[in-house]
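I'll drop the sequence and a predicted model, then ask my questions.
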Amino acid sequence: MNNKRTKMFLKMITSSLIRRRSRMIIALLAIVVGATILSGLVTIYYDVPRQMGAQFRNYGANMIFTASGEEPLTQENVEKGISYIPKNELVGYTPYRYETVRINEQPVLVAGTDIKGTEATSPYWYINGNRPTANGQVLVGKNVANLLGVKVGSTVEIHYYDNEAEKSDDDIDLGTTMFVTGILETGSSEEDYLYMSLADLAEITEKVGSYNVVEISVSTSGANLEKYIERIDSNVEGVKARLIKRVTSSEGAVLTKLQSLVFIVTAVILVLTMICVATTMTAVIAERRKEIGLRKALGASNSSIVGEFMGEGLLLGGIGGILGSVLGFVFAEIVSVNVFSSSITFRPLILVISVVVSVIVTGAACLIPIKSATEIDPALILKGE
Amino acid sequence: MSLLEIRNVSKIYGELKALDNINLKVEDGEWLAIMGPSGSGKSTMMNIIGCMDKPSMGEVLLDGKDISKESEKNLTSIRRDKIGLIFQQFHLVSYMSAVENVMLSQYYHSMPDEKEALEALERVGLKERAKHLPSQLSGGEQQRVCVARALINHPEIILADEPTGNLDEANENIVIDIFRQLHKEGTTLIVVTHDPEVGEVAERMIRLEHGRIISDVKNENFRG
């Protein structure tokens, strides 16, 4: 039996929306715009750390491994440490081994590294020339190049003494001649080094298999990095993992500001949507005073009037919410592709939340206009108003 | 016991006495016309009988129960159960079809039933126009939908406010014929009108002026 009442109720609210669409379309548009912005911005809000994480990786590594004890880092414990970082988040890692050599009798710091690997962990390097691609080639920091007076295409003769203090003029060392493929410019301390492959450094120093530091680039936010560091420190012997604070704190600050901005804009949009819906509903109710008077004259209780108008409002909120949530995802995708050059992650929960929030906001916006509807005097329709 | 009894009822708005010590009895099945010029108190009286307003003084007894002190909520309930309203301007919901407008009255009263609503429309000769919107109906047809809506819940009193005020002569006659039929079936009719032709077809006619009943006469030529 109640089915007939429910059917009539649904018929009334749908007829009102469909047959009076010119007026209701304004309220619907407000809700759709609100839901679009809400869904779009919330999608971006949750995707920004991932998107920005990838962007921030252009500024270099955000984690380093050093030796936790007396023994230097080995390939084995570095690989074990790296295994605690999810593969899909690992952008790359580069080991470094530092030694001091002499070139033209000047002491020079040499970094033996995986030259190819620096493309992932130090993508910001500006190289005049090229990275070394074979043994016997070096990349020279700008300050070192100025000191030695070398340029791309020059050769340098490298002398290594196992113990600098014990070096004497009697030592006979023919040195190792290496070809300069590029000059490195970063504006930072990297310009004070000469870079070569780990194999070349091992040959010159006759020492293999240990590193002083490993730079790692991970595409994730600060909280996850902290989590990985904790796991590595507790599970991998001989490795001390640390954040590069300079990078991670800047990332954190930018993300917090960006997310706060998105949050504020979303809140403002919701308030504006509410005002627009409330204004439209007030106009709708003013326009339907006679109809409300008639319903009350026919015996409608105040709760019936509230139920019918709230039903219309919530239905409108639901339709607007669904349309807006879908459009919001499209909006977020367009923003993501244009700003971050990558697709947004689809989160069904955000769509559901956007629809629910749209319904709640519309319901709240309808409260005051609907209350005024209950105050309409049924006698007004007998007065021929 | 009369179906409706108004005892010493006055309605005062500031300095103005819209109704001034009215006494009136309406018997079950009676057809009463309330006549008078503008400002005579017809609308105020209709509002009070229709449970849409309360008197400043006096008692209004419906089925022997004083409704003059009832709360707005109770008056709504009494109006829903006992009164059927017909308006001069029809007041149909514009976005609902004829049959839905009739069912609207059922919805607030008890249970909407399309079959019954169609029967009520058939009774006023509009079954074929049941699915039409008010904008697709003539004035006379809209008024007949309004009559069907007033009848659908079998009210004790049908209260009509200038029911033929916006109709041409042909439609006026159709509506009056429906009233005659309702009267024959024992429905109590109270018709507010300023049209003497409509007033004179009623069984009894009272005339209001300045909020007072100045005449109360039985229609000797009443055709029934």
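Great, that's in hand. Residues are numbered from 1 along each chain as shown, chains lettered A, B, ... in the order given.

and the residue of chain A that's closest to chain B?
A:G299 (2.5 Å; Cβ to the nearest Cβ). Just so you know, the C-beta spots here come from the backbone N, C-alpha and C atoms, and that holds for glycine as well.

so that residue lies in a helix, does it not?
No: applying DSSP: H, G, I helix; E, B strand; the rest coil, one finds A:G299 to be coil, outside a helix.

and the pLDDT at it?
You'll see A:G299 listed with a pLDDT of 92.

skip the chain neighbours and tell me the closest residue to it.
B:R80 (2.5 Å; Cβ to Cβ, 6 or more residues apart in numbering or on different chains).

which intervals of chain B have sub-threshold pLDDT?
Applying pLDDT under 70 to chain B picks out residues B:224.

any chance you could map the strands in chain B?
According to DSSP state E, chain B carries its strands in the segments B:4-13, B:16-26, B:31-35, B:57-62, B:65-66, B:83-86, B:157-161, B:188-193, B:204-209, B:212-218.

is it possible to export the ones you listed to JSON lines including distance to A:N224?
Shown next, in JSON lines, are these (distance: least, Cβ to Cβ, whole Å):
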{"stretch": "strand B:4-13", "distance to A:N224": "74"}
{"stretch": "strand B:16-26", "distance to A:N224": "78"}
{"stretch": "strand B:31-35", "distance to A:N224": "82"}
{"stretch": "strand B:57-62", "distance to A:N224": "75"}
{"stretch": "strand B:65-66", "distance to A:N224": "75"}
{"stretch": "strand B:83-86", "distance to A:N224": "69"}
{"stretch": "strand B:157-161", "distance to A:N224": "74"}
{"stretch": "strand B:188-193", "distance to A:N224": "79"}
{"stretch": "strand B:204-209", "distance to A:N224": "85"}
{"stretch": "strand B:212-218", "distance to A:N224": "88"}
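
would you turn the ones you listed into a markdown table with distance to A:V335 and mean neighbour count?
Converted to a markdown table, the strands of chain B look like this (distance: least, Cβ to Cβ, whole Å; neighbours: other Cβ atoms under 10 Å in any protein chain shown):
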| stretch | distance to A:V335 | mean neighbour count |
| --- | --- | --- |
| strand B:4-13 | 62 | 18 |
| strand B:16-26 | 65 | 18 |
| strand B:31-35 | 69 | 24 |
| strand B:57-62 | 67 | 18 |
| strand B:65-66 | 68 | 11 |
| strand B:83-86 | 57 | 26 |
| strand B:157-161 | 60 | 24 |
| strand B:188-193 | 65 | 24 |
| strand B:204-209 | 71 | 19 |
| strand B:212-218 | 76 | 13 |
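
so for A:E191, which of those sits nearest?
Set against A:E191 and scored by Cβ to Cβ, these come closest in strand B:83-86, at 93.0 Å.

any idea how far the closest residue to B:A130 other than its chain neighbours lies from chain A?
Distances taken as Cβ to Cβ, 6+ apart place B:V99 nearest to B:A130, at 4.1 Å, with adjacent residues excluded. Remark: distance between B:V99 and chain A (Cβ to the nearest Cβ, to the nearest Å) = 11 Å.

including distance to chain A, could the strands of chain B go into CSV?
Below are those laid out as CSV (distance: least, Cβ to the nearest Cβ, whole Å):
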stretch, distance to chain A
strand B:4-13, 12
strand B:16-26, 12
strand B:31-35, 13
strand B:57-62, 15
strand B:65-66, 17
strand B:83-86, 6
strand B:157-161, 5
strand B:188-193, 9
strand B:204-209, 15
strand B:212-218, 20
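
next, the contact list for the residue of chain A closest to chain B, please.
B:76-77, B:79-81, B:105, B:108-109 (Cβ atoms under 8 Å, 6 or more residues apart in numbering or on different chains).

wait, the residue nearest to B:A130 touches B:H132, no?
No: between B:V99 and B:H132 there is no contact under Cβ atoms under 8 Å: 9.1 Å.

comparing those two, which residue is more hemmed in?
When B:V99 and B:H132 are compared for neighbours, B:V99 comes out ahead with 22 against 16, by other Cβ atoms under 10 Å in any protein chain shown.

if I look at that one, how far off is A:I292?
21 Å (Cβ to Cβ, to the nearest Å).

got it, and A:G311?
14 Å.

in terms of neighbours, single out the busier of the two.
Each of A:G311 and A:I292 has its neighbours counted (other Cβ under 10 Å); A:I292 has more, 25 against 18.

look up the closest residue to that one, ignoring the ones flanking it.
A:I376 (4.7 Å).

ok, the one you found - contacts?
A:289, A:292-293, A:296.

quick one: which of these is most hemmed in?
Going by other Cβ under 10 Å, A:K296 tops the contacts of A:I376 with 27 neighbours.

assumed that one was part of a helix.
Yes: read with three-state DSSP, A:K296 is one of the residues of a helix.

how about the closest residue to it other than its chain neighbours, phi and psi?
Closest residue in space to A:K296, ignoring its immediate chain neighbours: A:P378 at 3.7 Å, by Cβ to Cβ, 6+ apart. A:P378 adopts backbone torsions of phi -60, psi -20, taken as degrees, to the nearest 10.

at the geometric centre of the chain, which residue sits there?
You didn't say which chain, so I picked chain A. For chain A, A:P49 is the residue whose C-alpha lies nearest the centre (Cα atoms, centre = their mean; 2.2 Å).

the chain in question should be chain B.
B:L159 (1.2 Å).

pairing partners for it in the sheet, please.
B:L85, B:I190 (DSSP bridges).

what residues does chain A have near chain B?
A:1, A:4-5, A:7-9, A:11-12, A:15-16, A:18-20, A:290-291, A:294-302, A:304, A:377-379, A:381-384 (Cβ under 8 Å from any Cβ of the partner chain).

could you list which of those residues belong to strands?
Reading strands off the residues of chain A next to chain B, I find no matches (DSSP E).

now, of the residues you listed, which are buried?
Taking 16 or more other Cβ atoms under 10 Å in any protein chain shown as the criterion, what is buried in the residues of chain A next to chain B is A:4, A:8-9, A:11-12, A:15-16, A:20, A:290-291, A:294-302, A:304, A:377-379, A:381-382.

quick one, grab the pLDDT at A:L174.
66.

pLDDT below threshold where in chain A?
Of all residues in chain A, those with pLDDT under 70 make up the ranges A:1, A:163-174, A:246-248, A:381-385.

please redo it, this time with the cut-off set to 80
For chain A, applying pLDDT under 80 flags the ranges A:1-2, A:20-24, A:48-60, A:162-174, A:208-209, A:220-223, A:245-255, A:259, A:340-342, A:380-385.

and the helices in it?
Secondary structure of chain A by DSSP state H: the helices cover A:2-19, A:21-56, A:75-82, A:118-121, A:142-148, A:198-205, A:222-235, A:245-287, A:289-297, A:302-339, A:348-374.

ok, now which ones touch the residue nearest to the centre of chain B?
Contacts of B:L159 by Cβ under 8 Å, 6+ apart are B:46, B:49-50, B:83-86, B:190, B:192.
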